[in-house]
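>>> Fold the following for me, if possible:
(2 chains)
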Protein chains: 2
Amino acid sequence: MRPLALLVLAVTVAHAQPPTPALIPLPAEVETRDGPPFVMTDATPLVVDPGDAEARRVAGVLAALVGNTVETTPPIVEAAPAGVPAVRLRIDAAAGHGDEGYALDVASTGVDLVASAPAGLFYGVQTLRQLLPARVEYEAALYAPLPVPAVRVVDRPRYEWRGMMLDVARHFFEVEDVERVIDLMALHKLNRLHLHLSDDQGWRIEIPSRPALARVGGRTEVGGGPGGYYTVEDIARIVQYAAERFITVVPEIDLPGHTNAALAAIPEINCDGRARAPYTGTNVGFSTVCVEREETWAFVEDVVASLAEQFPGETIHLGGDEVEELTADQYAAFVTRAQAIVTAAGKRYAGWDDVAHAGLAPGAVIQVWRAQRADVARQVEAAVANGAALVLSPSDRIYIDMKYDESTVLGLTWAGLNGVRDAYDWDPGVLLDVPEAAVLGVEAPLWAETLSTIRDVEFMAFPRLAGVAEIGWTPQTARSWGGYRARLGAFGPRWTALGVHHFRSPEVDWTLGGVE
Amino acid sequence: MRPLALLVLAVTVAHAQPPTPALIPLPAEVETRDGPPFVMTDATPLVVDPGDAEARRVAGVLAALVGNTVETTPPIVEAAPAGVPAVRLRIDAAAGHGDEGYALDVASTGVDLVASAPAGLFYGVQTLRQLLPARVEYEAALYAPLPVPAVRVVDRPRYEWRGMMLDVARHFFEVEDVERVIDLMALHKLNRLHLHLSDDQGWRIEIPSRPALARVGGRTEVGGGPGGYYTVEDIARIVQYAAERFITVVPEIDLPGHTNAALAAIPEINCDGRARAPYTGTNVGFSTVCVEREETWAFVEDVVASLAEQFPGETIHLGGDEVEELTADQYAAFVTRAQAIVTAAGKRYAGWDDVAHAGLAPGAVIQVWRAQRADVARQVEAAVANGAALVLSPSDRIYIDMKYDESTVLGLTWAGLNGVRDAYDWDPGVLLDVPEAAVLGVEAPLWAETLSTIRDVEFMAFPRLAGVAEIGWTPQTARSWGGYRARLGAFGPRWTALGVHHFRSPEVDWTLGGVE
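Below you'll find the predicted structure:
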């Protein structure tokens, strides 16, 4: 009897799967199944419908992922060879999964992924990716078969806006660094990259009609470093790289405050007509463009026109925060006119919650960072009643430039310590007293006063950004800190494989990941 | 009484220091002292002797380190202001510390660092760096005073050759990646960067007289990726960057085997006169230049002449390993003539231990990778008796491309699993039966069949490379696994601050680092 018992045990172990796979964000519905896994190899056919270029492109993402570990990549074909286990990727507009949803069936005999639109197919591939062993993330590790647990997933996101903001103004980050951020966002199904392109310490985008902005404003940063800026070609590259991963880039030029770099580049937008000295400290609130000068409005028009041209996305963000040098009337008049300029350019206006009480026209997007302040909350609720929509970025939860805990060297503390649980364990549905439909989604800002390398960015973003991704994607009823914490602990090896410099927070049991 | 007791406790905690500071490599002599720490700030004067340009340059390294966290950097002056605690950096040829040694005294009233030569002063600064809080490693973190524990260190290295080899042939690594490796080597007082510049899968250096080598041989790598090569300007930049950190770059062109990339680029060095097809697999032993052709010798002459021109260091490494396609006589004749060409170019010849039995002239450097094989050990010992010197790279200890343990996805296993303790806990003084003076030092090779990113490189190198640095630097009597393990655990936050993607080996208690 003994050999037989051992055999049974071995089979059991081979088929054993974690009770819930380490998926972040957690899909809306996940059903693990009995039965052996699907085993993916470099020869597994990826089957797409004849002539479906979008499905073929998304299949290419999966092929490149699996193919990284071997000389060849899985073939993409339009008909499955008989009897060969295959991965079928299908876009069917009638499937009813919405713009970003999908259904994924994994059995030992094959994988079936169907979506109603390309983004959904891409997100289904990201889920399949997270079901593959973490080793698949290495580019050059030696080949081994890749088991995928038998599972059925039916999924779609809670919110349409699932974002991260990167402050490239306080410190400049190269295009390659931005692409790295985009890659890591895509892994977690985030779809909005908000670039904070200007501030007192730097102007980071070429505006061809106003070359001084980047030439002068681009050569400073916090602490006196060299700064930098994105050329028109750089922006096109970033926008394209993001679009291939179904991420929309939201540009922000902060106005009328946080503008010293522009004030240093363009004398005429100062009330005294004199260029300001460059600024490389970390104070806020001291700068403003001259709202009484028509030169300022010509500048705003030029900048908005260039943003509208360079960024195909719907939204242009014009900041509006922390203005201390204008009267309330001056400020409100500025916001009203700025919104009109954005609207006239065919775009949707967005601003920080400071703009909530400035008499916005309907259709504005308000990015809420001070929901914990009762006066701000009431202003935002009133603005929603007047037709504004919200992106939620509560600073005491998901400002991921706040320190994790007292041990964190990087980051700031003015909004408190934002631990891994703090960043995760809240419900955007009840943050404010507004109709559910008024909330577009969530976004985690990462301000960069103290961050100067991509490694710094990664350390502050992970694990917290993954939690924000889940808040934005997963139904509230399916979320719990305990469940998330367990999946996070098991997720470690994937970040390790990707070389993500993440904080090994003591809030998480990283040993759950086992093999690294 | 109670408030007073609390006060005493607070003072005690403030002055508490770890029993041994987390220094890697451990200095030859470290004496921790009672008394308050020295507190370094961005205003602490760094005092150098009038006109000492070398000391001023090394002081600049310290100033940049401390100044990274603040707008300004500490001033470098030639006279200490009275009554201000200062760091004094002095080169005194008569101080008796050798080429790389130094003495460092830290008291609350000031820091005194003296060396006999610039390299020693640089290493003293690295020790001071490791005594500063890990937070100093962040480039942009907000400023805080930096306490340095009161200590006296008298130090010099055990071996003159403390190296790492990076295989840039199997996968190509950009100049920035090589600079990153150099930075991390310098932190641990390593001083030889051996670049494995050619192999079957790629030729990575421009040889101006033979442009086809890089143009053809440079465009392949393992797995079919794009490859790449260093131009003459790239090499000059790497050599300079290394020299500023007192690291000598040792170039290796592997001959007569491991040459498929050259054979693909230059038809005439094949016996049939026909270029070989490119190779992107991971086999070894199948390729050799045609040793009977004078075209081959012209090729070797050209390559050695260019290496001699591009690399100012003493040594040129010509490989010589794993040749299976030549007779023993052919092989020996090749090695003899190759050594003569290197010698004629004014350089010292080095090769892998395969060359040990090939009739080397005195003065050769043998890099020992198979000391565990009795036949190889006897051959190497005989070569030493004939005037060869050794660099020790035992593959079952410090081939840091071997997996750490069964959980490691990256790396190979043909020489076994090389855990953190395995890589550390051996004595180069007794590995072979040779006189102590015959051992130049130690070097950790990192082969890159499975590594394609700098993050992969870091993961395999750390922590093991730090252990190799200590083996090469620290007296054997001062070393123990237990002591090293504790310092390693406490060292974690410094690597984290630097964003070093290191393996959190379960052999180490990483909680010893406390604050990250």
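>>> Doesn't residue A:124 belong to a helix?
Yes: the assignment for residue A:124 is a helix, going by DSSP: H, G, I helix; E, B strand; the rest coil.
>>> What parts of the stretch 151-300 of chain A come near chain B?
A:171, A:222-224, A:280-281 (Cβ under 8 Å from any Cβ of the partner chain). In short, each C-beta sits where N, CA and C put it, glycine included.
>>> do that again at 7 Å, thanks
Contacts of the stretch 151-300 of chain A with chain B, taken as Cβ under 7 Å from any Cβ of the partner chain, map to A:171, A:222-224, A:280.
>>> Dump these to TSV, plus neighbour count.
Conversion of those to TSV gives the following (neighbours: other Cβ atoms under 10 Å in any protein chain shown):
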residue	neighbour count
A:171	25
A:222	26
A:223	24
A:224	16
A:280	17
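>>> what distance separates the start and the end of stretch A:184-197?
Taking Cα to Cα, to the nearest Å, the first and last residues of stretch A:184-197 lie 20 Å apart.
>>> List the buried residues of that stretch.
Of the residues in stretch A:184-197, A:184-197 count as buried by neighbour count, 16 or more other Cβ atoms under 10 Å in any protein chain shown.
>>> can you list the residues of the stretch 351-500 of chain A near chain B?
Residues of the stretch 351-500 of chain A lying close to chain B (Cβ under 7 Å from any Cβ) are A:407, A:409-410, A:450-453, A:455, A:497, A:499.
>>> Report the buried members of these.
The neighbour count (16+ other Cβ under 10 Å) marks A:409-410, A:450-453, A:455, A:497, A:499 as buried among these.
>>> Mind picking the two most distant members of those?
A:450 and A:497 (27.5 Å; Cβ to Cβ).
>>> Show me the shaky parts of chain A.
Low-confidence segments of chain A (pLDDT under 70): A:1-20, A:68-71, A:515-516.
>>> coming back round to it: want to throw the buried residues of stretch A:184-197 into CSV with secondary structure and distance to residue A:366?
Output for those, formatted as CSV (DSSP: H, G, I helix; E, B strand; the rest coil; distance: Cβ to Cβ, whole Å):
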residue, secondary structure, distance to residue A:366
A:184, helix, 27
A:185, helix, 22
A:186, helix, 26
A:187, helix, 29
A:188, coil, 24
A:189, coil, 24
A:190, coil, 20
A:191, coil, 19
A:192, strand, 15
A:193, strand, 19
A:194, strand, 14
A:195, strand, 19
A:196, strand, 16
A:197, coil, 19
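>>> what's the closest of these to chain B?
Of all the buried residues of stretch A:184-197, residue A:184 has the smallest distance to chain B: 12.6 Å, by Cβ to the nearest Cβ.
>>> Confirm for me that the closest one is in contact with residue A:501.
No: judged on Cβ atoms under 7 Å, residue A:184 makes no contact with residue A:501 at a distance of 10.7 Å.
>>> what about the helices in the stretch 351-500 of chain A?
Along the stretch 351-500 of chain A, the segments classed as helices by DSSP state H, counting those that start in this stretch run A:374-385, A:395-398, A:420-424, A:454-461, A:464-473, A:481-498.
>>> Adding distance to residue B:263, write those helices out as JSON lines.
Formatted as JSON lines, the helices of the stretch 351-500 of chain A follow (distance: least, Cβ to Cβ, whole Å):
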{"stretch": "helix A:374-385", "distance to residue B:263": "70"}
{"stretch": "helix A:395-398", "distance to residue B:263": "57"}
{"stretch": "helix A:420-424", "distance to residue B:263": "54"}
{"stretch": "helix A:454-461", "distance to residue B:263": "39"}
{"stretch": "helix A:464-473", "distance to residue B:263": "48"}
{"stretch": "helix A:481-498", "distance to residue B:263": "35"}
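>>> between these, which gets nearest to residue B:241?
With Cβ to Cβ as the criterion, residue B:241 lies closest to helix A:454-461 of those, at 19.4 Å.
>>> Output the contacting helices and strands for the closest one.
helix A:175-187, strand A:439-446 (3 or more Cβ pairs under 7 Å, 6 or more residues apart in numbering or on different chains; DSSP states H and E).
>>> which one of the ones you listed lies closest to residue B:334?
Closest approach to residue B:334 among the helices and strands packed on helix A:454-461 (Cβ to Cβ): helix A:175-187, 42.9 Å.
>>> which helices and strands does the closest one pack with?
If you count contacts as 3+ Cβ pairs under 7 Å, 6+ apart, helix A:175-187 packs onto strand A:192-196, helix A:232-243, helix A:454-461.
>>> Grab the nearest non-local neighbour of residue A:398.
residue A:444 (4.4 Å; Cβ to Cβ, 6 or more residues apart in numbering or on different chains).
>>> So the one you found sits against residue A:401, correct?
No: using Cβ under 7 Å, residue A:444 is not in contact with residue A:401; the gap is 9.4 Å.
>>> Distance of residue A:445 relative to chain B?
Residue A:445 sits 17 Å away from chain B, taking Cβ to the nearest Cβ, to the nearest Å as the criterion.
>>> Look up phi and psi at the residue nearest to that residue when sequence neighbours are not counted.
In space, and not counting its chain neighbours, residue A:445 is closest to residue A:165: 4.0 Å by Cβ to Cβ, 6+ apart. Residue A:165 adopts backbone torsions of phi -110, psi 130, taken as degrees, to the nearest 10.
>>> What is the neighbour count of the residue of the stretch 101-250 of chain A found nearest chain B?
As assessed by Cβ to the nearest Cβ, chain B sits closest to residue A:140 within the stretch 101-250 of chain A, at 3.9 Å. For residue A:140, the neighbour count with other Cβ atoms under 10 Å in any protein chain shown is 21.
>>> Figure out the length between the terminal residues of stretch A:418-433.
Distance between the two ends of stretch A:418-433: 23 Å, counting by Cα to Cα.
>>> Buried residues of it, list them for me.
Within stretch A:418-433, the residues that qualify as buried are A:418-426, A:428, A:431-432, counting by 16+ other Cβ under 10 Å.
>>> Quickly check these for the two that are furthest apart.
Checking the buried residues of stretch A:418-433 with Cβ to Cβ, the most distant pair is A:420 and A:432, at 23.7 Å.
>>> which SS state does the residue nearest to residue A:219 when sequence neighbours are not counted fall under?
For residue A:219, the nearest residue in space outside its immediate sequence neighbours is residue A:227; the separation is 4.8 Å by Cβ to Cβ, 6+ apart. Secondary structure, three-state DSSP: residue A:227 is coil.
>>> For residue A:227, list the residues it contacts.
Contacts here follow Cβ atoms under 7 Å, 6 or more residues apart in numbering or on different chains; on that basis residue A:227 touches A:172, A:202, A:218-221.
>>> Kindly provide the distance from residue A:76 to residue B:283.
Distance, residue A:76 to residue B:283, by Cβ to Cβ, to the nearest Å: 29 Å.
>>> and what of residue A:363?
Taking Cβ to Cβ, one finds residue A:363 at 63 Å from residue B:283.
>>> Equivalent analysis for residue A:329, please.
From residue A:329 across to residue B:283, the span is 77 Å (Cβ to Cβ).
>>> Kindly report the same for residue A:357.
For residue A:357, the distance to residue B:283 equals 71 Å [Cβ to Cβ].
>>> Ok, residue A:338 next?
64 Å.
>>> deepest of the helices and strands packed on helix A:454-461, which one?
Most buried of the helices and strands packed on helix A:454-461, by mean neighbour count (mean count of other Cβ atoms under 10 Å in any protein chain shown): strand A:439-446, with a mean of 25.
>>> Pairing partners for it, with directions?
Sheet pairing for strand A:439-446, assigned by DSSP bridges, gives strand A:161-167 (parallel), strand A:389-392 (parallel).
>>> Same list, the ones you listed, but as JSON lines with distance to residue B:241 and mean neighbour count please.
As requested, the strands paired with strand A:439-446 are exported to JSON lines (distance: least, Cβ to Cβ, whole Å; neighbours: other Cβ atoms under 10 Å in any protein chain shown):
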{"stretch": "strand A:161-167", "distance to residue B:241": "29", "mean neighbour count": "26"}
{"stretch": "strand A:389-392", "distance to residue B:241": "44", "mean neighbour count": "26"}
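>>> and residue A:311, which of those is closest to it?
It's strand A:161-167; of the strands paired with strand A:439-446, that one is closest to residue A:311 (Cβ to Cβ) at 14.2 Å.
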